[in-house]
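Asks: generate coordinates for the sequence data below:
(one chain, ligands or ions: 1)
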Amino acid sequence: MALSPVIGKLLHKRVVLASASPRRREILSQAGLRFEVVPSRFKETLDKASFPAPYAYAMETAKQKALEVAARMYQKDLRAPDVVIGADTIVTVGGLILEKPVDKQDAYRMLSMLNGKEHSVFTGVAIIHCCSKGGQLDTDVCQFHEETTVRFSRLSEELLWEYIDSGEPMDKAGGYGIQALGGMLVEYVRGDFLNVVGFPLNHFCKKLVELYYPPGRHDVRRVKHDSIPAVDTFEDLSDVEGGGSDPAGGIEGGPGGQAAAGTRGAEANGAVESPPPFPADLLELIDGFKASKALFTACKLKVFDVLKDEAPLKAAEVAGRIDASVCGTGRLLDACVALGLLEKTDGGYRNTEVASRHLASDGEYSLHGLVTRHDDHAWELFTRLEVAVRQGPNAVAGGKVEDPAQSQQTTLQFMRAMHGLSKLTARRVATAFDLSRFTSACDLGGCTGALAHELAHEYPRMRVTVFDLPDVLEHVACFQPGGRPSERISFVPGDFFKDSLPEAELYVLSRILHDWPDDQVHALLGRLSGRCKPGGGVLVAEETVDEDPAAARSNLAAALSLLVRPRGRGRSGAEYRDLLEQHGFRDVRVAAAAGGALHLLLGTRASPP
Ligand SMILES: Cc1cn([C@@H]2O[C@H](COP(=O)(O)OP(=O)(O)OP(=O)(O)O)[C@@H](O)[C@H]2O)c(=O)[nH]c1=O
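Replies: Presented below is the predicted three-dimensional model:
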């Protein structure tokens with residue numbers, strides 16, 4: 001069966017289901033998973049009020065159930081299973097969390113609350129990978145939750161009691177079982193049916209895909225947090241069976257036929273037309289700016305710096321370090337956990353590897369400066385996207401040109417942003433072509449010298465001059481590795497439109513040309529071409545505006561940025577090639593770097609006719 005490659009990843013592992021729920025056992029075994037069942041002894045008594053949302057409570061309970069089993073099994077024979085799966089299903093209505101009723105009266109109380117209304121069913125799931133490290137149990141926790149909306153018909157007292165007397169409600173969250181007699185109470189279901197029954201199989205498979213086929217081995221652009229499965233087998237299945245995001249499609253093909261019976265039951269109850277597929281991707285897109293803003297805020301408040309130095313820390317401790325409210329900090333930290341930037345453990349919050357490497361303000365590959373620049377500058381610029389669309393490029397701010405050297409602060413911020421970005425791509429730019437025939441290079445607008453360092457490192461015969469505005473070069477010292485530039489790198493102050501260009505065999509224009517309108521690009525290339533000797537070269541690195549709709553998604557940010565910028569313009573790869581050829585460069589070779597984000601061109605100066 002097409003799904004088996006995903007489930008199959010667990011077939012050679014010792015898997016334990018930490019649950020007494022017969023429904024979970026059935027759902028997972030019908031999906032082809034092989035596992036042992038070890039019911040958890042964890043008491044479901046966590047303080048619900050201490051969680052920011054009901055799903056967080058369900059996820060934590062699921063995790064504690066699984067951890068209890070892992071710890072107990074490890075203690076017993078000093079060998080934990082490879083994977084322990086825990087789950088917890090709750091029903092929420094009017095802000096209340098309903099678990100399993102304690103008696104018939106309690107079941108009546110719950111069913112009365114659900115009567116004639118919509119409610120949510122959340123299942124929190126924890127997939128815990130265990131191993132033994134230094135004689136101790138080591139666990140790696142992966143958690144997620146799924147929400148399904150269910151609506152009950154208006155039911156008479158008599159029917160409610162008849163249902164309660166059947167005994168079915170007693171071991172089920174919210175006091176009903178949708179898969180059996182309880183299905184008759186349900187008017188409609190929106191979302192994953194199996195999630196209501198007790199285990200969100202579809203989301204579980206997606207998580208397995210994320211865990212066992214991490215981005216990098218596949219096309220990164222196809223992996224989206226909690227939404228699209230990244231493996232062909234799984235994606236194909238969704239297509240075949242009625243559309244990836246259509247929960248109903250998934251149910252029909254689901255294991256065992258229970259689910260199918262459930263949906264048919266809901267239809268038979270009549271009255272309500274089945275709702276359209278839940279547009280999860282679209283909603284994620286609508287909320288996309290909130291995710292960016294959460295990241296910006298956490299960076300600005302130096303959350304990732306604090307957690308890089310000391311971790312794990314509780315929300316109150318982080319709040320103390322960043323001088324912010326405990327409640328606000330808790331929300332922000334949880335948002336960062338949901339975004340995959342932080343991890344939450346029993347001891348508190350800690351950075352993910354990516355956060356420590358890229359979001360703390362220090363470190364070789366820090367993007368903190370880039371994030372700050374986006375928050376302070378790009379954010380504001382994008383609020384004017386509508387104006388830019390209506391009036392065309394460069395119309396924003398009445399054509400006001402932002403000068404990066406406006407103030408020391410702005411210059412430094414700009415340099416930090418550029419430095420972070422350049423460090424990430426410099427090696428790729430330096431090595432995309434064999435540049436070993438050049439013994440000197442001049443990086444025009446080379447800013448902090450990040451690319452110059454890579455060129456000097458890659459080509460031991462090459463001397464590199466960084467040519468940039470005096471205000472920029474004033475600050476370069478703090479960006480040099482070890483505090484000082486290499487012997488083969490020199491910094492020369494000047495304006496490439498006015499001042500004499502340093503002599504070099506290779507001229508580099510990395511992320512420069514997009515910033516200028518055509519007349520100034522021609523002026524600059526004309527000066528450069530006049531200075532370049534025959535056989536010399538020009539290397540251009542740019543984000544391009546591609547005409548190819550298939551590439552549009554990856555170019556989206558660059559294309560829109562170029563639209564809202566007060567100056568400059570986006571160009572396609574072909575336009576850059578044309579520009580070089582117009583200025584006497586021949587044999588233009590083209591390459592892509594940084595996963596296609598950068599377009600590189602290397603041209604050779606022809607002898608004048
Ligand atoms: C809404 C609904 C719930 N359930 C069952 O309700 C229990 C929830 O309780 P839990 O605490 O998550 O699990 P448990 O049964 O106590 O088992 P365990 O995992 O060991 O704690 C699980 O059984 C679910 O199937 C159904 O069978 N059908 C439904 O429509």
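Asks: quick check, G570 in contact with L560.
Replies: No. Between G570 and L560 there is no contact under CB atoms under 8 Å: 9.3 Å. Every C-beta, even on glycine, is put in place using the N, C-alpha and C of the backbone.
Asks: can you classify P460 by secondary structure?
Replies: coil (DSSP: H, G, I helix; E, B strand; the rest coil).
Asks: ok, it to S436 distance?
Replies: In this view, P460 and S436 are 9 Å apart by CB to CB, to the nearest Å.
Asks: these two: who's more crowded?
Replies: When neighbours are counted by other CB atoms under 10 Å, P460 and S436 differ, and S436 comes out ahead with 11 against 8.
Asks: tell me the contacts of the more buried one?
Replies: Applying CB atoms under 8 Å, 6 or more residues apart in numbering to S436 gives the contacts Y459, R461.
Asks: and it, that's in a strand?
Replies: No. Assessed by three-state DSSP, S436 does not belong to a strand; its assignment is coil.
Asks: name the nearest residue to the closest residue to the ligand within the chain, ignoring sequence neighbours.
Replies: Closest residue of the chain to the ligand, CB to the nearest ligand atom: G198 (2.6 Å). Spatial nearest neighbour of G198, excluding adjacent residues (CB to CB, 6 or more residues apart in numbering): R23 at 4.1 Å.
Asks: could I get the pLDDT score of the one you found?
Replies: At R23, the pLDDT value in this model is 96.
Asks: let me see the contact set for it.
Replies: Taking CB under 8 Å, 6+ apart, we find R23 in contact with Q179, V197, G198, F199.
Asks: in the helix or strand containing it, what counts as buried?
Replies: Here R23, judged by DSSP states H and E, is contained in helix 22-30. Under the neighbour-count criterion of 16 or more other CB atoms under 10 Å, helix 22-30 has R23, R24, R25, E26, I27, L28 buried.
Asks: gap between the very next helix or strand once past it and the chain center?
Replies: Next along the chain after helix 22-30, taking DSSP H and E as the criterion, comes strand 36-37. In this view, strand 36-37 has its centroid 34 Å away from the chain centroid, taken as CA atoms, centre = their mean, to the nearest Å.
Asks: give me the average confidence score over strand 36-37.
Replies: Strand 36-37 comes out at a mean pLDDT of 92.
Asks: got it, and stretch 501-520?
Replies: For stretch 501-520, mean pLDDT rounds to 95.
Asks: now stretch 392-406
Replies: Here the average pLDDT along stretch 392-406 is 56.
Asks: likewise stretch 56-70?
Replies: If you average the pLDDT over stretch 56-70, you get 96.
Asks: shaky segments in the stretch 501-609 of the chain?
Replies: Along the stretch 501-609 of the chain, the parts satisfying pLDDT under 70 run over 546-556, 595-596, 609.
Asks: if we go to 50?
Replies: Of all residues in the stretch 501-609 of the chain, none has pLDDT under 50.
Asks: likewise for the chain?
Replies: Flagging of the chain using pLDDT under 50 yields the residue ranges 1-2, 217-271, 398-401, 404-405.
Asks: again, only this time at 70
Replies: For the chain (pLDDT under 70), the answer is 1-5, 215-275, 394-406, 483-485, 546-556, 595-596, 609.
Asks: for it, what lies in contact range of the ligand?
Replies: Residues of the chain lying near the ligand by CB under 6 Å from any ligand atom: 19-21, 23, 39-40, 44, 65, 87-89, 91, 100, 121, 171-174, 176-179, 182, 196-198.
Asks: quick one, which of those residues are buried?
Replies: 19, 21, 23, 40, 65, 87-89, 91, 100, 121, 172-174, 176-179, 182, 196-198.
Asks: nearest residue to L381 in space, ignoring adjacent ones along the chain?
Replies: Per CB to CB, 6+ apart, closest to L381 is V564, 4.9 Å.
Asks: run through the residues that contact that neighbour.
Replies: V564 sits in contact with L381, F382, R384, L385, A388, V396, where contact means CB under 8 Å, 6+ apart.
Asks: so G340: helix, strand or coil?
Replies: Here G340 is recorded as coil under three-state DSSP.
Asks: pretty sure it sits against L359.
Replies: No. Assessed by CB under 8 Å, G340 is found out of contact with L359, at 11.6 Å.
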